[in-house]
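*Asks:* model the following, please.
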Amino acid sequence: MSRVLIVGAGLTGSLCACLLRRELQNKVQIVVWDKARGSGGRMSTSRSPDPSSHSADLGAQYITATPAYAKSHHSFYSELLSSGVLQPLHGLIEGLKQKDDSKNYVTPLGMSSVVKHFLSESGADLFFEHHVTGLYRRGASWEVERKAGGSETFDAVVLTMPVPQILQLQGDLGHLLSVQQRQKLDGVEYSSRFAVALFFSPDVVLSFPWAARYVTDSPCIRYIAVDSRKRKADAAGLGPSLVIHTSVQFGLEHLERDKEDVQPIILQELHKLLPGLPQPISIKCQKWRYSQVLTSVPDCPGHMTIVNLPLLICGGDAFSHSNFDGCVESALSMLSVLKDSLTP
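*Replies:* So this is what the prediction gives:
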């Protein structure tokens, strides 16, 4: 039985694990490592420290399906809709520039529920706080080192973390990359931004009519959402949650500052936009160094194969485009390579 390690429990990694299980059944042992304390990656959902408040999506906010992808990825949308993970977005989004006949979907249980659904379907052995630091070729296997110490051996390795983190790995990866591959990976660029969640007590009512709003007149804030309202999750007597995303320019200007120093600036701007906002019972700030892909790997079919034997491939939205369907495209392309490599 082949052991496959998927590094990264975000959307691409979880879907790749799920598809691999469905295709190869019990012919493969699938292991997923993530350096965080939970799954989701940039589709993470944060719980309030106070159980009386709703959770909040600090990363991706909703999923937009173009007519073309609604058709080509119909099976994925159908699966998530029928299982209740996705629902159509009906709340008012002020300033949303809707293209053609695209449809927007929300996640009643938070964006991380999409990732958790596919991880559950994968039956993978899932390990958090497993931070990969090095890859070493050992004959027909890979020895994978962790930051906490220790290493394990795998027959194939799939890397789905942001490209700069791939390039930082120690070991044999550096000299296995061709000059052309390194140039392509070096050219990947990401936007950076800060996100803040405000958690309120159950007696708070947020009076504005929208579920989310795109902001155009602030040097700092680009987007605000009443997250519980956006997800139609205003039930169970929990307090509302408010999510703020900064502009790309603000994120770039403050990227190297501690989030604790940046949070007061964001909150000051928020109170200019929403004067009289009630006092939250808790606040969480997140710095997304790698938010959305601005420049993806050129001429790429959704993945990059570094070594065929033992198999080492990279995937994720940097190898396609930075949204739900880009991650699906990448997972499908990696599945094809894995099947060819792992089946006699």
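*Asks:* from now on I want contacts and neighbour counts done on CA atoms only, so please keep to that.
*Replies:* Will do.
*Asks:* tell me how far the one helix or strand L19 maps to lies from the chain's centre.
*Replies:* Taking DSSP states H and E as the definition, L19 sits inside helix 11-24. Mean-position distance between helix 11-24 and its chain equals 15 Å (CA atoms, centre = their mean, to the nearest Å).
*Asks:* helix or strand right after that helix?
*Replies:* Using DSSP H and E, the helix or strand that follows helix 11-24 in sequence is strand 28-34.
*Asks:* what helices or strands is the helix holding L19 leaning on?
*Replies:* strand 2-7, strand 28-34, helix 112-122, helix 324-342 (3 or more CA pairs under 8 Å, 6 or more residues apart in numbering; DSSP states H and E).
*Asks:* can you redo those as JSON lines with mean neighbour count?
*Replies:* Output for these, formatted as JSON lines (neighbours: other CA atoms under 10 Å):
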{"stretch": "strand 2-7", "mean neighbour count": "22"}
{"stretch": "strand 28-34", "mean neighbour count": "21"}
{"stretch": "helix 112-122", "mean neighbour count": "20"}
{"stretch": "helix 324-342", "mean neighbour count": "20"}
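*Asks:* any idea how far Y214 is from L273?
*Replies:* Distance, L273 to Y214, by CA to CA, to the nearest Å: 12 Å.
*Asks:* same deal with Q168?
*Replies:* 35 Å.
*Asks:* more neighbours: which of these two?
*Replies:* A side-by-side neighbour count of Q168 and Y214, using other CA atoms under 10 Å, places Y214 first with 16 against 12.
*Asks:* now that one, nearest residue through space, not along the chain?
*Replies:* Y223 (4.5 Å; CA to CA, 6 or more residues apart in numbering).
*Asks:* please identify the helix or strand for the one you found.
*Replies:* strand 221-226.
*Asks:* buried residues in that strand?
*Replies:* Residues of strand 221-226 classed as buried: 221-226 (neighbour count, 16 or more other CA atoms under 10 Å).
*Asks:* could you dump these to JSON lines with distance to L294 and pLDDT?
*Replies:* Shown next, in JSON lines, are the buried residues of strand 221-226 (distance: CA to CA, whole Å; pLDDT from 0 to 100):
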{"residue": "I221", "distance to L294": "19", "pLDDT": "98"}
{"residue": "R222", "distance to L294": "17", "pLDDT": "98"}
{"residue": "Y223", "distance to L294": "18", "pLDDT": "98"}
{"residue": "I224", "distance to L294": "22", "pLDDT": "98"}
{"residue": "A225", "distance to L294": "23", "pLDDT": "97"}
{"residue": "V226", "distance to L294": "27", "pLDDT": "95"}
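*Asks:* so the residue nearest to Y214 makes contact with V248?
*Replies:* No. Using CA atoms under 8 Å, Y223 makes no contact with V248, being 11.0 Å away.
*Asks:* burial count for S201?
*Replies:* S201 has 21 nearby residues by other CA under 10 Å.
*Asks:* confirm it sits in a strand?
*Replies:* No. Using DSSP: H, G, I helix; E, B strand; the rest coil, the secondary structure at S201 is coil, not a strand.
*Asks:* what sits against it?
*Replies:* Contacts for S201 (CA atoms under 8 Å, 6 or more residues apart in numbering) come out as 52-53, 238-240, 280-281.
*Asks:* what does L335 give?
*Replies:* Contacts of L335 by CA under 8 Å, 6+ apart are 16, 19-20.
*Asks:* likewise E145?
*Replies:* Applying CA under 8 Å, 6+ apart, the residues contacting E145 are 132-135, 151-152.
*Asks:* now the stretch 51-200 of the chain, which segments are flagged as low pLDDT?
*Replies:* Residue ranges of the stretch 51-200 of the chain with pLDDT under 70: none are present.
*Asks:* where do the helices sit along this protein?
*Replies:* 11-24, 67-72, 74-82, 112-122, 163-167, 173-176, 179-186, 227-230, 248-253, 259-273, 324-342 (DSSP state H).
*Asks:* need the nearest residue in space to the residue nearest the centre of the chain, chain neighbours excluded.
*Replies:* Nearest to the geometric centre of the chain sits R42, at 2.6 Å (CA atoms, centre = their mean). Nearest in space to R42, with sequence neighbours left out and distances taken as CA to CA, 6+ apart, is G59 at 5.1 Å.
*Asks:* is it true that that neighbour touches G40?
*Replies:* No. Look at G59 against G40 with CA under 8 Å: they stay out of range, at 9.2 Å.
*Asks:* surely H321 and S296 touch.
*Replies:* Yes. Counting by CA under 8 Å, H321 touches S296, with 6.8 Å between them.
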